[in-house]
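Using only what follows, build the 3D model:
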Amino acid sequence: MPKTAAPFRAAIMQIEPQWIDYNGHLNMAYYNVMFDRAIDQLWLELGIGPTYKQERNGSTFTAECHVRYLREIHLGDPVQILVWLLAADDKRLHTFEEMRHAAEGWLSATSENMSLHMDMNVRRVAPFPPDIQQRIAEVANAHSALPRPAGIGRHVAMPLKQ
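Modelled structure (predicted):
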């Protein structure tokens, strides 16, 4: 994986017709599908994709996810997801994703996630192997030089009355 300071850019994706709900826009569940597909692309670059699961019996599980829906996406809109690896330790990955209209650049949604590394032999959280920790550290270090995107650390709450 290049050690660039740019966020990871997933391949441009298309909205599938069955994902459009009765409101005429992308159903909320499919935002998560698209975010997950982008994370899978980054995981391949980090060496923790399906081959890692098959050969080393390790994987990741999402422990927490916070999605913000900011602007509707419709059928025919090309989508690109940018991913920041905000932080990592020996067992966890903290990521932030932006879903953008691929042609016009506007922000549709964000997703902030905490993923856990799993030893699939016992289905328990376990440290990443040293070679994988090194790859993750390189990307996290490069991404730490980037400006932080708006929306990191948000939580669900009613606005405070003033």
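
what about the nearest residue to H74 once chain neighbours are set aside, neighbour count?
Spatial nearest neighbour of H74, chain neighbours left out: H25 (5.5 Å); criterion: Cβ to Cβ, 6 or more residues apart in numbering. Heads up, the C-betas are built off the backbone N, CA and C, glycines and all. H25 sits with 18 neighbouring residues when counted by other Cβ atoms under 10 Å.

where do the helices sit along the protein?
Secondary structure of the chain (DSSP state H): helices at 28-46, 50-56, 130-144.

sorry, back to before: need the contact list for the residue nearest to H74.
With contacts defined as Cβ atoms under 8 Å, 6 or more residues apart in numbering, H25 is in contact with E72, I73, H74.

Give the buried subset of those as a PyMOL selection command.
Applying 16 or more other Cβ atoms under 10 Å to the contacts of H25 leaves a buried subset, and the PyMOL line that selects it is:
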select buried, resi 73
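
Among the contacts of H25, which are located in strands?
Using DSSP state E, no member of the contacts of H25 falls within strands.

quick check, distance from stretch 129-145 to the centre of its chain.
Computed by Cα atoms, centre = their mean, to the nearest Å, the chain-centroid distance of stretch 129-145 equals 16 Å.

Stretch 152-161 now?
Distance of stretch 152-161 from the chain centroid (Cα atoms, centre = their mean) equals 21 Å.

Kindly check the end-to-end length of that stretch for me.
Stretch 152-161 has an end-to-end distance of 23 Å (criterion: Cα to Cα, to the nearest Å).

buried stuff in that stretch?
In stretch 152-161, counting by 16+ other Cβ under 10 Å, buried: nothing.
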